[in-house]
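Participant: my questions concern the predicted model and sequence given below.
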Amino acid sequence: MTTAYAFWNNKGGVGKSFLCFVAACEYAYQHPHTDVYILDLCPQANVSEILLGGYSNHPNGKMPIDSLTRKTPRATVAGYLEARLNSPFRMIDDITPFLCHPQQFNTHLPPNLKLVCGDNLLEILAEAIRQTSQLAIPIDAWKQVLTWLKDLMGALCETSGDRDTLFLLDCNPSFSVYTQLALVASDYLVVPFTADDSSLRGVENLVALLYGIGDSRTTMYARINFAKRAKEENVNVPKLHTFVSNRATMFKKKPSAAFAAMSKEIKQRMDDIHRTHRTVFSNPKTVPSQNFIDIPDYHNACVVATTTGTPLRHLKAGPHTIFAERVQINQTPLDNYRKALTEFVSCL
């Protein structure tokens, strides 16, 4: 059995990379007989940096990503895509050079957690990938290129043999061609957001770009691009699965008024879409607003976890030294944070 989730919002800064890191680690610990693959489709490679030990574990500045990008071929997702550019319409024979085992760099992680590392070369390759997808021959060039990442996931499943597999894909906020590859490879979509108007616009753009759903102005353009072509060429697009109100400021164990108001607005928008476009949701029979999860803001825990590459289950309350600065993690907010994130992981 294999399932793939993309983490995406058409807005940056909503915490998708950290959410992907937390979900990958916790799911891998809870399901030791499942291979959990993280595919990092963001040129900033934030989730890869966290998985490979964070910044504070490499004080000399020599990050593991540097050694992976210096290999031939590059031991990254960009290395795989570069190989596909050389063989656009035939799958390459061996994908193992592009697979990384993060536990070799970060002993906090379980052995069944695996990574196809992010790489800033993605941005450089994007135009070459896009142009390849526009070739006149073969006639299905666009569809074949858009499934390059799906091909990689199929090959990774073969390396796992009879074990179940879970794929988590961290996406760039843009709708670049490498983001499209990630979305086409995914079954479901996790949408993190924060309490601001740009988050609402990001979610609205997401729905327009993927499904061609929006107001008269956005729909007019969205339908002539990705959404329309995907439907015409029978290209998979993920179903909307879970909406995460991330980094919510809490008051008396409930989101503050600002966060509650923004969450209410996005819930209403999704419920409105559900009434006329149920098929874009992973569970058409369930009102989308029931699939929203609130995750409280706990900045100190995030800082320690990301800079040390420590999964939440191994994070301890007390003082921590991060780049010569003292960071305090208190037990009660840490417990509340873990509880909310565990609820999220249980939805996968």
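Facilitator: Perfect, thanks for sending it. Numbering: from 1, shown residues only.

Participant: just the helices in the protein please.
Facilitator: Along the chain, counting by DSSP state H, helices occupy 16-30, 46-51, 64-70, 77-86, 121-133, 141-146, 148-160, 177-184, 197-211, 216-222, 226-232, 257-276, 299-308, 331-345.

Participant: okay, these in a markdown table with distance to residue 36 next?
Facilitator: For glycine as for every other residue, the C-beta is placed from the backbone atoms N, C-alpha and C. What follows is those, written out as a markdown table (distance: least, C-beta to C-beta, whole Å):
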| stretch | distance to residue 36 |
| --- | --- |
| helix 16-30 | 4 |
| helix 46-51 | 11 |
| helix 64-70 | 19 |
| helix 77-86 | 16 |
| helix 121-133 | 22 |
| helix 141-146 | 24 |
| helix 148-160 | 10 |
| helix 177-184 | 16 |
| helix 197-211 | 25 |
| helix 216-222 | 33 |
| helix 226-232 | 27 |
| helix 257-276 | 28 |
| helix 299-308 | 17 |
| helix 331-345 | 11 |
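
Participant: rank those helices by pLDDT, which is bottom?
Facilitator: Comparing mean pLDDT across those, the weakest is helix 216-222, with a mean of 64.

Participant: quick revisit: would you list the helices of the chain in TSV and tack on mean neighbour count and distance to residue 169?
Facilitator: Compiled in TSV, the helices of the chain are given as follows (neighbours: other C-beta atoms under 10 Å; distance: least, C-beta to C-beta, whole Å):
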stretch	mean neighbour count	distance to residue 169
helix 16-30	24	8
helix 46-51	26	10
helix 64-70	16	18
helix 77-86	22	10
helix 121-133	17	13
helix 141-146	20	14
helix 148-160	19	8
helix 177-184	24	4
helix 197-211	20	14
helix 216-222	13	22
helix 226-232	16	17
helix 257-276	16	21
helix 299-308	19	19
helix 331-345	16	16
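
Participant: and these: which comes nearest residue 115?
Facilitator: helix 46-51 (5.6 Å; C-beta to C-beta).

Participant: coming back round to it: closest to residue 190 out of the helices of the chain?
Facilitator: Closest of those to residue 190 is helix 16-30, at 7.3 Å (criterion: C-beta to C-beta).

Participant: tell me what the closest one is packed against?
Facilitator: Secondary-structure packing of helix 16-30 (3 or more C-beta pairs under 8 Å, 6 or more residues apart in numbering; DSSP states H and E): strand 2-7, strand 34-41, helix 46-51, strand 113-116, strand 164-171, strand 188-193, helix 299-308, helix 331-345.

Participant: let's see 6 Å
Facilitator: strand 34-41, helix 46-51, strand 164-171, helix 331-345 (3 or more C-beta pairs under 6 Å, 6 or more residues apart in numbering; DSSP states H and E).

Participant: coming back round to it: figure out which of the helices of the chain is closest to residue 282.
Facilitator: Nearest of the helices of the chain (C-beta to C-beta): helix 257-276, 11.4 Å.

Participant: tell me what the closest one is packed against?
Facilitator: Judged by 3+ C-beta pairs under 6 Å, 6+ apart, helix 257-276 is in contact with helix 197-211.

Participant: distance from the chain centre to the helix it packs on, please.
Facilitator: When distances are taken as C-alpha atoms, centre = their mean, to the nearest Å, helix 197-211 is centred 16 Å away from the chain's centroid.

Participant: got phi/psi on residue 173?
Facilitator: For residue 173, the backbone dihedrals are phi -60, psi -30 (criterion: degrees, to the nearest 10).

Participant: the closest residue in space to it that isn't next to it in sequence - how many residues pack around it?
Facilitator: Closest residue to residue 173 apart from its sequence neighbours, by C-beta to C-beta, 6 or more residues apart in numbering: residue 12 at 4.1 Å. The number of residues packed near residue 12 is 15, by other C-beta atoms under 10 Å.

Participant: which residue sits closest to residue 35, ignoring its sequence neighbours?
Facilitator: Nearest to residue 35 is residue 160, by C-beta to C-beta, 6+ apart, at 4.4 Å.

Participant: separation between the one you found and residue 31?
Facilitator: Distance from residue 160 to residue 31, counting by C-beta to C-beta, to the nearest Å: 13 Å.

Participant: same thing with residue 39?
Facilitator: Shown here: residue 39 relative to residue 31, a distance of 18 Å by C-beta to C-beta.

Participant: of those two, who's got more company?
Facilitator: A count of neighbours by other C-beta under 10 Å puts residue 39 above the other of residue 39 and residue 31, at 29 against 16.
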